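Enquirer: What follows is a predicted protein model with its sequence.
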Amino acid sequence: MKNDIGIFGLGVMGKSIALNISNHEYSISVYNREPELTKNFEDISSSKKVTCCYDIEQFVDSLEIPRKILLMVTAGEAVDKVIDTLIPYLSKGDIILDGGNSYFKDTIRRYDYLKNKGIDYLGVGISGGEQGALNGPSIMPSGDKLIYDKVKSVLEDIAAKADDGQPCCNYVGESGSGHYVKMVHNGIEYADIQIICEAYSFMKDGLKLTTEEIQKTFSDWNKGKLQSYLIKITSEILTKKDEFTDNYLIDMILDKAEQKGTGKWTAIEGFDLGTPIPTIVSAVEARYLSSKKDERMKASKILSMESIPQDYNKEEVLNALENAIYTAKICCYAQGFELLKDAAMLYHWNLDFGKIAMVWREGCIIRANFLNEIKEAFDSENDNNLILTKKFYGKIIQYYPDMRETLIKMIECGIYMPAFASALQYLDGYRAEITSANLLQAQRDYFGAHTYQRTDRQGTFHTIWE
Ligand SMILES: NC(=O)C1=CN([C@@H]2O[C@H](COP(=O)(O)OP(=O)(O)OC[C@H]3O[C@@H](n4cnc5c(N)ncnc54)[C@H](OP(=O)(O)O)[C@@H]3O)[C@@H](O)[C@H]2O)C=CC1
Ligand SMILES: O=C(CO)[C@H](O)[C@H](O)COP(=O)(O)O
């Protein structure tokens, strides 16, 4: 008897996905470059439907034809190496699925490379971290639809299920689009995380709340319109005590953020496509700034400034902050979907934003209650900016003043809040009928004869300014 599917790579994600698949009654074969992880997997997987392989040929031979092999390895060069290791053992019609955070242009290249060899390739964006992978991730598959149909049942079975029972797995589109959607998911993840961190900073350093008070605030917010995985884990993180000191663990963690690159790719795509995604860009930049800890320490002494002492009504400020976070979150998602809209045009993908929102409703890191509303918004207005949809523009108008008031207070307290500021500026800029770009165009024409268009007649104009 041959096995249904093979999993190559038994790191954090591969191990959990493999267990998830085998828990769904599929027979699996697993392989890892370092045999130690395969041995560990053998120890934890009691199921008889698991074949642990220590040899690539044995791994490939153990699979039902056409073979289906899910790669869960580090994105980048490793994926190419693994593909080249597998090729000599594969047959025409076999299917490789890449479940890592691969760069979408690499996925398109690998698809073409393997197509020439008669091997099918699906780029499968997966989100949910270790627990999601084990209990039900959000899955964003792409490639040939006919090939997807051959693996659809296993992907849908292992995916998270939304409240309506629908699997959080939907075919996204042509090659590369699934990894693109996953990349944008991560861009939104960066922005969402940054907004929460800035709110935390304001509560701690501006409002001088205790960790317990901040924890309770996040916990309360998670019962309302901000209900989401990231707000929930934030409230849980703030309960954790340090094992070495009497402090909360959060106060012992160095404030230097790391990143693996998906947020940066999203920001670069925004620049390349000319799509304004300032909150996502600001979140990437905030990570870079945070990592310059030594310089910040030095600057904090040289540029030391007193913040303006305030006597805020904390309850009112926290209510406004909740509305400000909600509005900023909508802006993050709106920016992500605007990038997807421009990418669909440029790369000729037929993206259904309602279906994408549906896939993000459960399982992934940005899962949130309001994704149900985002789904409904796009179901009826697929081409609209989220902030202009009937579902959301009223909320933005309602919460706009609270957002503005909150930002004023953050400025008074000297809080670093690039994500909040960029979200408000996104709204102010997007709704501006007239901007200052008329002056900008005049300056360009002045120094470089770059020409400009007029408001009252067609054509291109140049003025001798001096
Ligand atoms: N961790 C997370 O929360 C999430 C991760 N992802 C993505 O999933 C993928 C896997 O991540 P994760 O499980 O966290 O990573 P880990 O670091 O835990 O595991 C990496 C895996 O890749 C294998 N690998 C690395 N280089 C090679 C190579 N040259 N040849 C063969 N195998 C190699 C490792 O094998 P070995 O043991 O031999 O080194 C190991 O099995 C990545 O693309 C990641 O971005 C996606 C969503 C969430
Ligand atoms: O893909 C993920 C979740 O969806 C990973 O958790 C993500 O890679 C984390 O990114 P970074 O290390 O850059 O913060």
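Expert: Ah, there it is. Numbers count the residues shown, from 1 in each chain. Ligands and ions are numbered 1, 2, ... in the order given.

Enquirer: give me phi/psi at residue 123?
Expert: Dihedral angles of residue 123 (phi, psi; degrees, to the nearest 10) stand at phi -90, psi 120.

Enquirer: how many other residues sit next to it?
Expert: The burial metric for residue 123, expressed as a neighbour count using other CB atoms under 10 Å, is 31. Using the backbone N, CA and C atoms, a C-beta is placed for each residue, glycine as well.

Enquirer: Look up the residues forming beta bridges with it.
Expert: Beta bridges link residue 123 to residue 98, residue 142 when assigned by DSSP bridges.

Enquirer: How confident was the prediction at residue 309?
Expert: pLDDT, the model's per-residue confidence, is 69 for residue 309.

Enquirer: Residue numbering should commence at 6 henceforth.
Expert: With the count now opening at 6, the last piece we talked about shows up as residue 314.

Enquirer: what's next to stretch 83-102, contact-wise?
Expert: 13-14, 61-62, 65-66, 70-76, 78, 103, 105, 107, 111, 115, 118-119, 122-127, 129, 146, 152, 155-156 (CB atoms under 8 Å, 6 or more residues apart in numbering).

Enquirer: what does the protein put close to ligand 2?
Expert: 106, 132, 134, 191, 194, 264, 265, 267, 268, 370 (CB under 6 Å from any ligand atom).

Enquirer: Pick out whichever of the residues you listed sits closest to residue 433.
Expert: residue 268 (23.6 Å; CB to CB).

Enquirer: Would you agree that closest one is in contact with residue 190?
Expert: No. Using CB atoms under 8 Å as the test, residue 268 is too far from residue 190 to be in contact (10.5 Å).

Enquirer: residue contacts, residue 435?
Expert: For residue 435, the residues meeting the contact criterion (CB under 8 Å, 6+ apart) are 281, 390, 392.

Enquirer: List the contacts of the nearest residue to residue 353 once chain neighbours are set aside.
Expert: The spatially closest residue to residue 353, leaving aside those adjacent along the chain, is residue 179, at 7.5 Å (CB to CB, 6 or more residues apart in numbering). Residue 179 is in contact with 147, 148, 352, 353, 354, counting by CB under 8 Å, 6+ apart.

Enquirer: wait, which of these is closest to ligand 2?
Expert: Distance to ligand 2 across those (CB to the nearest ligand atom) is lowest for residue 147, with 16.1 Å.

Enquirer: Any buried residues in stretch 462-470, and which?
Expert: Using 16 or more other CB atoms under 10 Å as the test for burial, stretch 462-470 gives no buried residues.

Enquirer: How about residues contacting that stretch?
Expert: Counting by CB under 8 Å, 6+ apart, the neighbours of stretch 462-470 from elsewhere in the structure are 447, 450, 451, 454, 456, 457, 458, 459.

Enquirer: if I've got this straight, the third one is in a helix?
Expert: Read that as residue 451. Yes. Counting by DSSP: H, G, I helix; E, B strand; the rest coil, one finds residue 451 located in a helix.

Enquirer: State the pLDDT value of the closest residue to it other than its chain neighbours.
Expert: Using CB to CB, 6+ apart and skipping residues adjacent in sequence, the residue nearest residue 451 is residue 470, 4.4 Å away. Confidence at residue 470, expressed as pLDDT, is 98.
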